[in-house]
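Asks: The following comprises the amino acid sequence and a computationally predicted model.
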Amino acid sequence: MKTTNRYFDIYPRVAAAGQRTTIVVRPRFSHVGLDPDKTYEARCLPAEYYPADSHGGTPEPVRVKPGDGQLEISHAFQGEQEHLLEIVDPSRSDSTPLLRIRLYSVDGDLYGCLPLKGDLHIHSDHSDGKESPGFVAASCRRIGLDFMALTDHGKYAPSVQAQEAFAGLEHDLLICRGEEIHPPDNPVHMVNFGGSFSVNERIAVDPAAYRSAVRDRAGQFAEIPDAAVRDQLASCCWVFDQIRSGGGLGIFCHPYWHVSWGYTPAAPVTNALFASRPWDAYEVVGGYGRDAVDSNTLQIARYHEERMRGGRLPIVGVSDAHGCENSDLFGWYFTLVFADAPTQEAVIGAIKDCRSVAVEAIPGEAVRVYGPLRLVQYALFLLGEVIPAHDEICQQDGLLMLEFLGGRQEASRELAIRRGRTAAFWSRYAGCRSGAGHTDCGHRLAGDRGSDSGTST
Ligand SMILES: [Zn+2]
Ligand SMILES: [Zn+2]
C-alpha cells in the first residue's frame, strides 16, 4: 500500500520508538495547500499492537492547526512497528482522510543506522560481462545503489579500474574492490568483496604453494570419506582465510547453480561448507533468471533450514549480472545493509553482524525480502515508502557519472554539488547521522533479536 505522493513533504518517516517525535507535513504545491483557518484532526494507528490504555480501541484523534503553511504532529510512537497517521478535515461531510501516511518506529539499536543498498557480485567485459568497469559502477548508482564491487571471474584488476574511472571525482557511490574466485580443481564459486589483494593472483603466482596449503588443510577433514570433497572444502577454507586476511568479506556463491545435468558444487561439498562455515556470508538470492527460479527457491529454503539448526547466518542478495543494459538480472537482486556509516568497513561489519537483508525486485513482480524478521519488516516499509525517493537521487548521480565517462567533463562539477544528498536524505527522513561521530548504532544490533544467541556452528 502506497499512502503518500509527491504532493507533500513529510518528515521524518522513521522515528525512535517511545520518543516523542514531531512529524512535519508540508504541502509542496499550491493545489494541496492547507487552510490556515481550519483545525485538522490527526490520528495515529499502530499496525501491530495498541498501547495498553486504549484497550484495543481506536486511538483518539488530536486537533492540529496549520502554522507557517504546514502541519506539525507530535506523537510518541510506541514499540518497533509500522504506524498509519491519518489526517482528517472534520468540517467536511466526507470522512475520508485527506492524507494517510505510513510511518515506522524502531528501537534504539536500529534507529540512526544507515540503510545502504548494494550489489556485491557483478561482472564487466573484463570477464564475461558486457560493459566496462566504470560503466558498470555508474550504472549501479543509476539504479539506486550506494555501494558495489565488480567481481569478475578470476580477475581483481577490473574492480580497481572501476575505482580509477572516477578517481578524483566527488561522488557518493562506494566503489569497493572484488573478484570471483573458482580455484583449480574446485567448482565452488567464492566472492572476495572488499579485500585488499587478489586471491586469484596469489594462486596464479605460486600454484604449488596453493596446492600444498590445500593438501595440509585437507588433512584436518579426515572424517569426510570422499577425498574430492575434502580437497574442495580445504581449498575453500584457504580462499576464505585469504579473503579475510585482506580485510574482505568472503561470500559463498550460488550453491544451487544447475549446470548441465546437476548442481555445482555437488551436495556433499555444499553440506560440508554449511557444516564448517568457513565463509562470512551466504548468497541467499541472486544470479538466476526467470528460467532458474528454482535455484533461488532452494537457496532460500536452505537459509531457513540452516537457521533452524541454530546460530547466526549472515546473508547477501546479489545480481551476479553480466550486463547493465538490455540484460536480465541487473538490479533484480541486491543487499540492504543497516550500517553505522557509509564505509566498506561498516558494510562488511553490518553483514557479518546479520544486519542485512537480501532483496528480490524482479521487474513486474512484488518485492520480496529475506532475512531476520524484524529487518525484513523494516525493509519492506523502507522499500515501499522511503527508498524510491532515495533511488531518484541516485539515478541523477548515476546519469552524471555516465556522462562523465562519456566525456562530458562538466558533469564532475555537477556531481560535486550533489555530494552528500543521499546522506542528507537519510538524515531528514530517518534520523541517520552518517559518518564520524555517529554512535547510536555502533554497538551490536540485534538483527536476529531473540532467536539468535550469537553462537556459530
Ligand atoms: Zn559464479
Ligand atoms: Zn558471478
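Replies: Right, received. Where do you want to start? Ligands and ions are numbered 1, 2, ... in the order given.
Asks: ok, now which ones touch residue 168?
Replies: By C-beta atoms under 8 Å, 6 or more residues apart in numbering, the contact list for residue 168 is empty. (Glycine included, C-beta is placed from N, CA and C.)
Asks: nearest residue to the residue in the stretch 101-250 of the chain positioned nearest to ligand 2 other than its sequence neighbours?
Replies: As assessed by C-beta to the ion, ligand 2 sits closest to residue 180 within the stretch 101-250 of the chain, at 4.8 Å. Excluding the flanking residues, the one nearest residue 180 by C-beta to C-beta, 6 or more residues apart in numbering is residue 151, at 4.6 Å.
Asks: doesn't that neighbour fall inside a strand?
Replies: No: under DSSP: H, G, I helix; E, B strand; the rest coil, residue 151 falls outside any strand and is assigned coil.
Asks: so the residue of the stretch 101-250 of the chain closest to ligand 2, which of the three states?
Replies: Relying on three-state DSSP, one would call residue 180 strand.
Asks: just to revisit the earlier point, show me what contacts the residue nearest to residue 180?
Replies: By C-beta under 8 Å, 6+ apart, the residues touching residue 151 are 120, 121, 122, 123, 159, 178, 179, 180, 191, 192, 193.
Asks: Quick one: distance of stretch 272-286 to the chain centre.
Replies: Remark: stretch 272-286 is offset 18 Å from the chain centroid, using C-alpha atoms, centre = their mean, to the nearest Å.
Asks: residue boundaries of the strands in the stretch 201-350 of the chain?
Replies: In the stretch 201-350 of the chain, the strands defined using DSSP state E, counting those that start in this stretch lie at 249-252, 257-259, 262-264, 281-286, 315-318, 333-339.
Asks: got those strands as CSV, with mean pLDDT, mean neighbour count and distance to residue 63 columns?
Replies: Compiled in CSV, the strands of the stretch 201-350 of the chain are given as follows (pLDDT from 0 to 100; neighbours: other C-beta atoms under 10 Å; distance: least, C-beta to C-beta, whole Å):
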stretch, mean pLDDT, mean neighbour count, distance to residue 63
strand 249-252, 98, 26, 52
strand 257-259, 93, 14, 60
strand 262-264, 93, 15, 63
strand 281-286, 97, 26, 47
strand 315-318, 98, 29, 45
strand 333-339, 98, 28, 36
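Asks: quick check: domain ranges of this protein?
Replies: Domains of the chain are assigned by automatic domain parsing as 8-106, 114-430.
Asks: of all those, which lies closest to ligand 1?
Replies: For the domains of the chain, the distance to ligand 1 is smallest for domain 114-430, at 3.5 Å, taking C-beta to the ion.
Asks: does any bit of the closest one sit next to ligand 1?
Replies: Yes: counting by C-beta under 5 Å from the ion, ligand 1 is contacted by domain 114-430 at 189, 253.
Asks: Give me the distance between the two termini of that domain.
Replies: The first and last residues of domain 114-430 sit 8 Å apart, counting by C-alpha to C-alpha, to the nearest Å.
Asks: What ranges in the protein fall below the confidence cut-off?
Replies: Scanning the chain for pLDDT under 70 picks out 1-4, 50-57, 434-457.
Asks: Residue 170 - nearest residue in space that isn't next to it in sequence?
Replies: For residue 170, the spatially nearest residue (C-beta to C-beta, 6+ apart) is residue 416, at 4.0 Å.
Asks: The one you found and ligand 2, how far apart?
Replies: 33 Å (C-beta to the ion, to the nearest Å).
Asks: Now for that residue, how many residues are close by?
Replies: When neighbours are counted by other C-beta atoms under 10 Å, residue 416 registers 13.
Asks: ok, back up a step: residue 141: which of the contacts of residue 151 is nearest?
Replies: residue 122 (12.7 Å; C-beta to C-beta).
Asks: Now the one residue in the stretch 251-400 of the chain that gets nearest to ligand 2: phi and psi?
Replies: Residue nearest to ligand 2 within the stretch 251-400 of the chain (C-beta to the ion): residue 320, separated by 4.3 Å. For residue 320, the backbone dihedrals (degrees, to the nearest 10) come out as phi 50, psi 30.
Asks: wait, what's in contact with residue 269?
Replies: Applying C-beta under 8 Å, 6+ apart, the residues contacting residue 269 are 187, 188, 229, 232, 233.
Asks: what's the burial count for the residue of the stretch 101-250 of the chain closest to ligand 2?
Replies: Neighbours of residue 180 (other C-beta under 10 Å): 23.
Asks: Any idea what it is bridged to?
Replies: residue 153, residue 191 (DSSP bridges).
Asks: centroid residue for this structure?
Replies: In the chain, the C-alpha nearest the mean C-alpha coordinate belongs to residue 336, at 1.3 Å (C-alpha atoms, centre = their mean).
Asks: about what we covered before: ok, so of the contacts of residue 269, who is nearest residue 362?
Replies: Lowest distance from residue 362 to the contacts of residue 269 (C-beta to C-beta) belongs to residue 188, with 26.2 Å.
Asks: which residues touch that closest one?
Replies: Counted by C-beta under 8 Å, 6+ apart, residue 188 has contacts 182, 232, 235, 236, 252, 253, 265, 269, 273.
Asks: got those residues as a markdown table, with distance to residue 26 columns?
Replies: Listed next are the contacts of residue 188 as a markdown table, based on distance: C-beta to C-beta, whole Å:
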| residue | distance to residue 26 |
| --- | --- |
| 182 | 53 |
| 232 | 59 |
| 235 | 58 |
| 236 | 54 |
| 252 | 47 |
| 253 | 46 |
| 265 | 55 |
| 269 | 57 |
| 273 | 52 |
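Asks: among those residues, which are within reach of ligand 2?
Replies: Counting by C-beta under 5 Å from the ion, no member of the contacts of residue 188 reaches ligand 2.
Asks: quick one on the thing from earlier: just the buried residues of the helix or strand the residue nearest to residue 170 falls within, please?
Replies: Take DSSP states H and E as the rule and residue 416 turns out to sit in helix 411-418. Applying a neighbour-count criterion of 16 or more other C-beta atoms under 10 Å, one finds 411, 412, 415, 418 buried in helix 411-418.
Asks: And stretch 78-96, by the same measure?
Replies: 78, 79, 80, 81, 82, 83, 84, 85, 86, 87, 88, 89.
Asks: For those, which two are the farthest from each other?
Replies: Every pair of these checked by C-beta to C-beta; the farthest is 80 and 89, at 31.2 Å.
Asks: residues near residue 363, how many?
Replies: 7.
Asks: begin at 22 from here
Replies: Got it, first residue is 22 now, which makes that one residue 384.
Asks: which residues sit in contact with it?
Replies: residue 353.
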